[in-house]
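Enquirer: Provided below are the primary sequence and the corresponding predicted coordinates.
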Amino acid sequence: MKPLLYVDGYNIIGAWPQAEKENWPLDECRDRLVLLLEDYAGYTGQEVWVVFDGYRTERPQRTVEPHKELTVVYTRHGETADHYIERMCQLLPKYREARVATSDGIEQTLILGRGATRLSAREFWREVNRERADGRGRYTTHARSAKPSVGSGSLRSALSAEQFRLLDELRRQK
């Protein structure tokens, strides 16, 4: 079972250095965070949920939108992202590994009591940046080492040139 990460959307946006520096409007921050988290989920293999407050909106119902590698939740009127995340952590089986990305002190204490671990906004941003850099590195290294060929979707594309040469020699010996 994949590790689970809940992200308190607006809390993380509030601690996003680039968003503050670039002075992005809130809707752009949300869109950029969703795209970034889709990439992050793909790089890490985690199940990622980002939860945005609907507390001050007139939204009558909660919406849950599955994206490629990510689930986006907008809470309903009167419900905070904190409450939603706490409730979801409470419902998790004891064996499920879960983390919550937030810098809200009260929420951190509550989720720790419910068996999840916390990740502060600063730690979250460090981890996201590190994973993105590592993922790009893995991609560019693989792209440089792979030679396009007739069987590029096969085992050959997964082997280094030296590995392929050795296997080819073995094959020809018969």
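Expert: Cool, the structure landed.
Enquirer: in the helix or strand hosting residue 83, what's buried?
Expert: Residue 83 is located in helix 81-91, with elements delineated by DSSP states H and E. The neighbour-count criterion (16 or more other CB atoms under 10 Å) identifies 81, 82, 83, 84, 85, 86, 88, 89 as the buried residues of helix 81-91. Yep, even glycine has a C-beta here, placed from its N, CA and C like the rest.
Enquirer: The most centrally placed residue in the chain: what's its closest spatial neighbour, skipping adjacent residues?
Expert: When the chain is reduced to its mean C-alpha position, the closest residue under CA atoms, centre = their mean turns out to be residue 41, at 3.2 Å. Excluding its sequence neighbours, the residue lying closest to residue 41 (CB to CB, 6 or more residues apart in numbering) is residue 69, at 3.7 Å.
Enquirer: For stretch 45-62, measure first residue to last.
Expert: In terms of CA to CA, to the nearest Å, the two terminal residues of stretch 45-62 are separated by 26 Å.
Enquirer: May I see the buried residues of that stretch?
Expert: Along stretch 45-62, these residues count as buried under the neighbour rule (16+ other CB under 10 Å): 46, 47, 48, 49, 50, 51, 52, 53, 54, 55, 59.
Enquirer: I'd like to know which of those residues is nearest to residue 1.
Expert: residue 47 (8.4 Å; CB to CB).
Enquirer: so residue 100 touches residue 12, yeah?
Expert: No: contact criterion CB atoms under 8 Å: residue 100 and residue 12 do not qualify, at 10.7 Å.
Enquirer: quick one: which of these two has more around it?
Expert: Each of residue 100 and residue 12 had its neighbours counted (other CB atoms under 10 Å), and the higher figure belongs to residue 100 (29 against 24).
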